[in-house]
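# Pasted the sequence and its predicted model underneath.
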Amino acid sequence: MLAGKHILLIIGGGIAAFKSLDLIRRLRERGAEVTPVITKAGQEFVTPLSASGLAANKVYTDLFDLTDEAEMGHIELSRAADLVVVAPATADLLGKMAGGLANDLASTLLMATDKRVLVAPAMNVRMWEHPACQRNVETLKGDGVLFVGPNEGAMACGEFGPGRMSEPLEIVSAVEAALMDGPLKGKHVLVTSGPTHEPIDPVRYIANRSSGAQGTALGSALAALGADVTFVTGPADVPPPDGVNVVKVQSAQEMLKAVKAALPADAAVFAAAVADWRVASASNSKIKKDAKGSLPVLKFAENPDILATVSQMKKGRPPLVVGFAAETDDVMANATAKRARKGCDWIVANDVSPETGIMGGTENAVTLISEGGADVWPRMGKDDVARQLAARIADALVQ
Ligand code: CTP
């Protein structure tokens, strides 16, 4: 599975480092070449000698080692690999990566690499749950860093919860998935997701009930097929998928700007529930209650239609543009008309009338409308809808 692949394995300073020795063995069993790098703290837990023996390779430990620099500079070391794996990834290493620090060999390699990075966090449960650590995780996910674990369970420190490093074979599976050449490898796919928030004043906004679940599932499914995904999301309930470039926005106008900035793309999928209207002149200060009891009147302005704008671009239109149509009445007729009006290639139509329970639920029943006609899909989980749609997109792009 991993024959000919070169893994740069950064071993951080945590008790889980002993599992990284087994990880080296498992990776090599599958044909990978492993170059270990051990941080100063990591060397308190495992020795360079054991890592070198198991890897049958040189182990790197020091940024300022003249011999290493003469043999292979740290920039080259970071790029010679197909994948950089950090296991265990301590709170300190995650913090350095998120903050862009480069004051030792491991952090410098992580800054210098142009390859994908997979991290296997391992730390005390309270450290993992600390807001600073969670902020760093969020930042790293936004940068496209891949995560495996942490798992939940009893920890060396006697506490219980998430923080245990994933087992070596779980990390091997994540390595294989990260290195797999999916059909969408090299393709850039743009996805919009979630609701938009339209400000009334600095403390109030108008929103809708979109959870972002379908868009997130789609982002995940496209990334799993190897696509380079730009995920432009409004304030959704569910966290954005792993392994995509996340761009967070609030309003429809911000979303349009982010979408334009993310182009060119090979395909663009518009799963966001964009607000059709915004408050025409949102107030810069909080609107106060009127002493005489008169009620405020909100005037609306129409928001830009992002899907229609991109579908009708004369220059730089993505070759495949996909929209969604959530309808409560005459689903097929309305969705077919919507596809023609907006000018997109495909429209994914779904019936969101209350009796279907689809809005806010985990299932979806969709019909894919294209130039060739309508394809009715059976009711299934939103994840399955996402996987099937991603497979269709791959099919269309790779012909
Ligand atoms: N959409 C968009 N920008 C908007 C409104 C909608 O990009 N300002 C996109 C959505 O992401 C979706 C598609 O257009 O892919 C259809 O959204 P929908 O809300 O069903 O259509 P509307 O254009 O809002 O039409 P209507 O509300 O009249 O049904």
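Looks like it came in fine.

# Ser285 - how many residues pack around it?
Counted by other CB atoms under 10 Å, the residues lying close to Ser285 total 8. From N, CA and C alone the C-beta is placed, and that goes for glycine too.

# and it, helix, strand or coil?
coil (DSSP: H, G, I helix; E, B strand; the rest coil).

# switch to numbering from 131
Happy to do that; since the first residue is 131 now, the last one works out to Ser415.

# Name all residues that make contact with it.
331-332 (CB atoms under 8 Å, 6 or more residues apart in numbering).

# Likewise for the one 5 residues further on?
For Asp420, the residues meeting the contact criterion (CB under 8 Å, 6+ apart) are Pro426.

# count of neighbours near Ala133?
Quick note: Ala133 (other CB under 10 Å) scores 8 neighbours.

# From what I see, it and Arg158 are in contact.
No - the criterion here is CB atoms under 8 Å, and Ala133 misses it with Arg158 at 10.8 Å.

# Ala262 belongs to a helix?
Yes - using three-state DSSP, the secondary structure at Ala262 is a helix.

# Who's the closest spatial neighbour of it, skipping the chain neighbours?
Gly225 (7.2 Å; CB to CB, 6 or more residues apart in numbering).

# what about that neighbour, distance to Phe175?
19 Å (CB to CB, to the nearest Å).

# same check, this time on Val452
Applying CB to CB to Val452 and Phe175 gives a distance of 49 Å.

# same thing with Leu276?
Counting by CB to CB - Leu276 and Phe175 are separated by 24 Å.

# can you check Ala421 too?
68 Å.

# more neighbours, these two?
Phe175 (19 against 6).

# The spatially closest residue to the more buried one that is not a sequence neighbour: neighbour count?
Nearest non-adjacent residue to Phe175, counting by CB to CB, 6+ apart: Ala147, 3.9 Å away. By other CB under 10 Å, 25 other residues sit near Ala147.

# Correct me if wrong: Ala147 contacts Thr177.
No - at 10.3 Å, Ala147 does not count as touching Thr177 under the criterion of CB under 8 Å.

# picking that back up, what about the residue nearest to Ala262, which helix or strand?
helix 221-229 (DSSP states H and E).

# again, but for Glu282
Glu282 belongs to strand 281-284, assigned by DSSP H and E.

# Show me which residues of stretch 277-297 are buried.
277-280, 285, 293-297 (16 or more other CB atoms under 10 Å).

# Pull the contacting residues for the residue of the chain positioned farthest from its centre.
For the chain, the residue at maximal distance from the C-alpha centroid (CA atoms, centre = their mean) is Lys422, at 50.4 Å. Residues counted as contacts of Lys422 (CB under 8 Å, 6+ apart): none.

# which ones are touching the residue lying closest to Phe400 once chain neighbours are set aside?
With CB to CB, 6+ apart as the criterion, Phe400 has its nearest non-adjacent residue at 4.3 Å, and that residue is Leu437. Going by CB under 8 Å, 6+ apart, Leu437 touches 400, 451, 453, 472, 474.

# try 6 Å
400, 453, 472, 474 (CB atoms under 6 Å, 6 or more residues apart in numbering).

# what two of those have the greatest distance between them?
Phe400 and Lys472 (9.0 Å; CB to CB).

# Tell me which of these two has more neighbours.
Using other CB under 10 Å, the more surrounded residue of Phe400 and Lys472 is Phe400, with 28 against 20.
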